[in-house]
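Chemist: got a sequence here, can you model it:
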Amino acid sequence: MDSDALESSENHESHSHPSVRLDDSQLTETRASGFWRDVPFPVADVMQRLRDSDQFSESQLDLIHVELKASLAVVQSENISYDISMGMTLANYQVERLIGTGGAGHVYLARTESGDPVALKVLRKSRLSPRFRREMEIVERLAHPNIVVAYDTGHEDRFAFIAMEHLRGPDLQHHVKRDGPIDWKQSIDIIRQAALGLEHAHDRGLVHRDVKPGNLLWDDNDVIKVADLGLASSTTLLGDADSDGSFQTRDSVVAGTPEFMSPEQAKAFSDATVQSDIYSLGATWFYLLTGRARVPGSTFVEKLSSLVKGTDLEEMPEGLMPSKLTKIWRMMVEYDVEARWQTMRQLISAIDEAHVTSQTTSPKETIDVLIVEDNQDDLYLTIEMLSRLNRSIVIKKASTMKRATEICKANDPFDVILLDLQLSDSFGIATVVNMKEHAGDAPIVVLTGNDDAKAGQACIEAGAEEYVYKNALNAQQLERLLFIAQSRASHRE
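Modeler: Numbering: from 1, shown residues only. Here you go, the predicted model:
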């Protein structure tokens, strides 16, 4: 919260307090921490003046504490840049330049040993927050064309890091600020793609909790990617789901951005559900079309109060998009959770059934994979587990090099090729060489039962992207392998 917000709150004439609350764990942690005794004196002084003014309820003061704590974390994390020098190597990544800062760490453009670009999110271990730990775990559970691909997570010396694909396009908030509101035709594809990515997260038991324009990134070919899962809550990471399917958080991070959070999150930060993400996506849609947020208020508390009461929230301007879409949008941002679309799949189906399409070609929604394997049991098992695990993976199969060549000629380029070295009509390194001639730009991942480092190096030198011992892979690892290989190849300069 900035000084203007605090000043405005102090001078607020009304003594009524909106029913903003934190959950019990947040209140206990905040009050017990003695937080304002440890922060710089000006902040402590401000907090004392706010308390003495008798203008704020206890829940509001607790809320301001949490917000200040998060803001201070951002300021403190700025110091990390003094420890990361351009050109230094962190794990297997050489840092080139700083490209972003935030409360969850700093993001650097870095390169792998082979020169591939990555976005490297870094935080000092001493400041490793629950949010960053959560993101490190969550990113390895997701694999979808509309979610930022994480290549690697780990620790090195004093730092923790997440290596992700480096997206060239801006986030949607920067795009709107720079170029103005987005045309409704283009917005359909954006919202639909974001919904597809969020649906995948929901299917994996995750609620994002901070869906907003700044967390939707534009990649090449107009692909939208959902980013920043540091606030996501999970049934398996953070506790069991309640009977109503809601997922609870147990840290005191402010979960969401007032302009885009749902009313139930404004009332209690832990009460985020799938429907909360749907509301936030609707609030994001409004911003894309108008260039402004629909929540009134100049301070954090004022915005939160408007959300809690559900008053003075701006409606979609008439005529801004077809009435069919406006009706869909209104159901996304219903105050009553039960009145909203209940799943992203319902929302996506409603958009599709509206028969209102953009005038541009929509980006691919799938990752197309060719599996070349002569062992029918292995082939069936691989197809079965990938198909069950991820609906965005589309598979074609071949058991010989001849058939694989025919399929490559008859189809659009594949995104990834999974290749067994031992085929009836091709053997060993020659299999990679033969496949490379017909694969186009598709990365080739060699899956083999031969755990031989020298053979692996020879395959890489012959043009394979990866060499993997298949007996050591489970279904989720194979799924991630496909998306990582596709992402690395598509972002190679």
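Chemist: which residue ranges of the stretch 51-200 of the chain form helices?
Modeler: Here the stretch 51-200 of the chain has its helices, by DSSP state H, counting those that start in this stretch, at 58-77, 130-138, 172-179, 184-203.
Chemist: one more: the stretch 251-400 of the chain?
Modeler: 263-267, 274-290, 300-309, 323-332, 344-353, 376-389.
Chemist: list the contacts of T431.
Modeler: 401, 419-423 (C-beta atoms under 8 Å, 6 or more residues apart in numbering). Heads up, the C-betas are built off the backbone N, CA and C, glycines and all.
Chemist: contact partners of stretch 366-386?
Modeler: 145, 392-401, 404, 407-408, 411-412, 414-420, 422-424, 435, 442, 447, 470, 475, 478-479, 482-483, 486.
Chemist: what about the residues you listed, which are in strands?
Modeler: Counting by DSSP state E, the part of the contacts of stretch 366-386 found in strands is 393-398, 416-419, 422-423, 447.
Chemist: which of those residues are buried?
Modeler: With neighbours counted by 16 or more other C-beta atoms under 10 Å, those contain buried members at 393-398, 416-419, 423, 447.
Chemist: by pLDDT, give me the weakest of these.
Modeler: Least confident entry in those, by pLDDT: L447, with 87.
Chemist: just the helices of the stretch 251-400 of the chain: most buried one?
Modeler: Greatest average neighbour count among the helices of the stretch 251-400 of the chain goes to helix 274-290 (a mean of 24), per mean count of other C-beta atoms under 10 Å.
Chemist: how distant is that one from the center of its chain?
Modeler: Between the centre of helix 274-290 and the centre of its chain there are 15 Å (C-alpha atoms, centre = their mean, to the nearest Å).
Chemist: that helix packs against which elements?
Modeler: Packed against helix 274-290 by the contact rule (3 or more C-beta pairs under 8 Å, 6 or more residues apart in numbering; DSSP states H and E) you find helix 172-179, helix 184-203, strand 206-207, helix 263-267, helix 323-332, helix 344-353.
Chemist: lowest-confidence stretch among these?
Modeler: Of all those, helix 263-267 has the smallest average pLDDT, which comes to a mean of 84.
Chemist: that older thread, of the ones in strands among the contacts of stretch 366-386, just say which sits nearest to E318.
Modeler: V394 (40.6 Å; C-beta to C-beta).
Chemist: quick check: the gap between the closest one and T153.
Modeler: 28 Å (C-beta to C-beta, to the nearest Å).
Chemist: pull the most distant pair out of the ones in strands among the contacts of stretch 366-386.
Modeler: Within those (distances taken as C-beta to C-beta), the two that end up farthest apart are V394 and Q422, at 25.4 Å.
Chemist: pick the one among the ones in strands among the contacts of stretch 366-386 closest to H355.
Modeler: V394 (24.3 Å).
Chemist: mind listing what the closest one touches?
Modeler: Taking C-beta under 8 Å, 6+ apart, one finds 366-369 in contact with V394.
Chemist: strands - which of those land there?
Modeler: Filtering the contacts of V394 for strands - DSSP E - leaves 367-369.
Chemist: would you turn these into TSV with neighbour count and distance to E135?
Modeler: Converted to TSV, the ones in strands among the contacts of V394 look like this (neighbours: other C-beta atoms under 10 Å; distance: C-beta to C-beta, whole Å):
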residue	neighbour count	distance to E135
I367	22	23
D368	18	29
V369	23	27
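Chemist: where does the stretch 1-150 of the chain dip in pLDDT?
Modeler: Counting by pLDDT under 70, the stretch 1-150 of the chain contains low-confidence residues at 1-48, 55, 59, 65-83, 102-104, 124-132, 134.
Chemist: same thing but 90
Modeler: 1-92, 97-107, 113-115, 121-142, 150 (pLDDT under 90).
Chemist: and of the ones in strands among the contacts of stretch 366-386, the nearest to V139?
Modeler: Of those, the one sitting nearest to V139 (C-beta to C-beta) turns out to be I393, at 18.2 Å.
Chemist: what's across from the closest one in the sheet?
Modeler: I393 forms beta bridges with I367, as assigned by DSSP bridges.
Chemist: if we can go back for a sec, what's the closest of the helices of the stretch 251-400 of the chain to P181?
Modeler: Short answer: helix 274-290, nearest of these by C-beta to C-beta, at 5.6 Å.
Chemist: and the residue lying closest to D271 once chain neighbours are set aside, how close does it get to A163?
Modeler: Once flanking residues are discounted, D271 sits nearest to E264: 4.6 Å by C-beta to C-beta, 6 or more residues apart in numbering. Computed as C-beta to C-beta, the E264 to A163 distance reads 34 Å.
Chemist: how about M88?
Modeler: 15 Å.
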